[in-house]
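[1] based on what follows, work out the 3D shape:
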Amino acid sequence: MGRLVMVQCDCGFMYDRYHWGIGWACYDIKEHQTNLVRDGKYGAEWKRLLLSDKELQVDINYHLYQCPSCHGIYDEYSLDLIKPVHKDFLYFYSPEEVVHQFKHLCPECKKKMEQIHLYMGRFDSSKDHPEEPVICPKCGKAAIASLGGFFD
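    Residues are numbered from 1 along each chain as shown. Presented below is the predicted three-dimensional model:
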């Protein structure tokens, strides 16, 4: 079950329908996104990298990304290429298992976006990071992205 994220600013901007994590349709989505990578939808390099190693898999967790130029915030599938270290790694992997990071580009200005690092651990609450400062897409001042409800 994935989480909803709310971005809120003192200027009145509030949006609470961003996605973070993974939903119940993950197996179908993983197969679909992997096929899109294999078909070259995300570029020839990503296709080549995925086909170069049979252990690589496409990460389909939603993450939040923000454009450093126009400050737009978008929820997108990670699409990083990862290697499993456990049999059931679908919900559990750490950054050191990411083999190739996908370059997320802003749909508006085409600049490389930066990931907003939210985290809610399942076993170690000391690593929880349910809030992250961001730049408000409306006014350009400081805002907060925070984990909220759930999505399926």
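
[2] dump stretch 30-45 to CSV, keeping only the CA atoms.
    The C-alpha trace of stretch 30-45 is given here as CSV (Å, rounded to 0.1, in the frame of the first residue of the first chain):
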residue,chain,number,x,y,z
LYS,A,30,6.2,-3.7,-12.9
GLU,A,31,5.6,-5.9,-15.9
HIS,A,32,4.1,-3.1,-17.9
GLN,A,33,6.9,-0.6,-17.1
THR,A,34,9.6,-3.2,-17.7
ASN,A,35,8.1,-3.9,-21.1
LEU,A,36,8.2,-0.2,-21.8
VAL,A,37,11.9,0.0,-20.9
ARG,A,38,12.6,-3.1,-23.1
ASP,A,39,10.7,-1.4,-26.0
GLY,A,40,12.8,1.7,-25.7
LYS,A,41,10.1,4.1,-24.4
TYR,A,42,12.6,5.5,-21.9
GLY,A,43,15.5,5.6,-24.3
ALA,A,44,18.0,3.4,-26.0
GLU,A,45,20.5,3.5,-23.1
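
[3] what residues of that stretch count as buried?
    Buried residues in stretch 30-45, defined by neighbour count with 16 or more other CB atoms under 10 Å: K30, Q33, T34, L36, V37, Y42. The C-beta positions use only the backbone N, C-alpha and C, and glycine is treated the same way.

[4] and the residue most central in space within the chain, how far is that from F151?
    In the chain, the residue lying closest to the centroid (CA atoms, centre = their mean) is H63, at 1.9 Å. H63 sits at a distance of 14 Å from F151 (criterion: CB to CB, to the nearest Å).
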